[in-house]
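Trainee: Pasting the sequence and the predicted model now:
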Amino acid sequence: MPIESNASPDEKSSPFYLANKELCEKWEQFVLEKNGKFNAVYNAWSLDIKAKFKTEKTWLISVKKATYSNSSILFSSKTQNLQEILEIQTRFEASKYQNFHITTSVLKRRTAKHLIYNASLKLFSEKKYDYIQFKDGLLTFRYAHRNDDFEWVNQVLQELDTLA
């Protein structure tokens, strides 16, 4: 399914609507260059992108953006009321590897000793990510506060695509 707008007619002239449409088109181009499947729904307040493509591994990408309004002039919509999430997932053979969780919280962090953990740890920056998790063979990178980092996605693919 292609990019689809669920905006009201009043929203279509909004600069937020146009920015969300442009981001959807960039992700579509990124995924189609990898011969993947792509669908997106957007409006002036939000977007939801789902993509799937195969390189050496099958990758799932989810991109979300939501702007929440509390009708208060005290809260900036650029900080407290804006949610942006980029999530990348792929599957590894679960029986070979130990589960791990990489996060900024030392209390929640669980380490492991294998190639997937080492490669994932190189991609972790405490300033950017919510977490990296490997559980039952599913590796998930969740990147908050930015949903247009194509360079980082390519870096993840490059580091982890060839690991068995």
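Mentor: Ah, there it is. Numbers count the residues shown, from 1 in each chain.

Trainee: CA only for contacts and neighbour counts going forward, please
Mentor: OK.

Trainee: Return the set of buried residues in stretch 147-156.
Mentor: For stretch 147-156, a neighbour-count test (16 or more other Cα atoms under 10 Å) marks 147-148, 156 as buried.

Trainee: Settle this for me: residue 83 is touching residue 63, isn't it.
Mentor: No - in this structure, residue 83 is not within contact of residue 63 by Cα atoms under 8 Å, at 10.7 Å.

Trainee: the longest helix in this structure is where?
Mentor: Ordering each helix of the chain by length in residues (DSSP state H) puts helix 15-32 first.

Trainee: Pick the one among the buried residues of stretch 147-156 closest to residue 123.
Mentor: Nearest to residue 123 among the buried residues of stretch 147-156: residue 156, at 7.1 Å, using Cα to Cα.

Trainee: ok so, going back, and residue 83 and residue 63? Which one has more around it.
Mentor: Between residue 83 and residue 63, residue 63 has the larger neighbour count (other Cα atoms under 10 Å), namely 23 against 18.

Trainee: where does the residue nearest to residue 115 when sequence neighbours are not counted land on pLDDT?
Mentor: Spatially, and ignoring its direct neighbours in sequence, residue 115 is nearest to residue 163 (7.5 Å; Cα to Cα, 6 or more residues apart in numbering). We have a pLDDT of 83 for residue 163.

Trainee: what about residue 163, which SS state?
Mentor: Following DSSP: H, G, I helix; E, B strand; the rest coil, residue 163 is assigned to coil.

Trainee: Relative to residue 112, how far out is it?
Mentor: Going from residue 163 to residue 112 by Cα to Cα, to the nearest Å gives 16 Å.

Trainee: Who has more neighbours out of those two?
Mentor: residue 112 (15 against 12).

Trainee: Under the pLDDT cut-off, which ranges of this structure? List them.
Mentor: Residues of the chain meeting the criterion pLDDT under 70: 1, 69-80, 94, 126-129, 164.

Trainee: which residues in it form helices?
Mentor: Under the criterion DSSP H, the chain carries helices at the ranges 15-32, 115-122, 150-160.

Trainee: unless I'm mixing things up, residue 156 is touching residue 121, no?
Mentor: No - the pair residue 156 / residue 121 is not scored as a contact, 10.9 Å apart, by Cα under 8 Å.

Trainee: what residue lies at the spatial centre of this protein?
Mentor: For the chain, the residue nearest the mean C-alpha position is residue 86 (1.7 Å; Cα atoms, centre = their mean).
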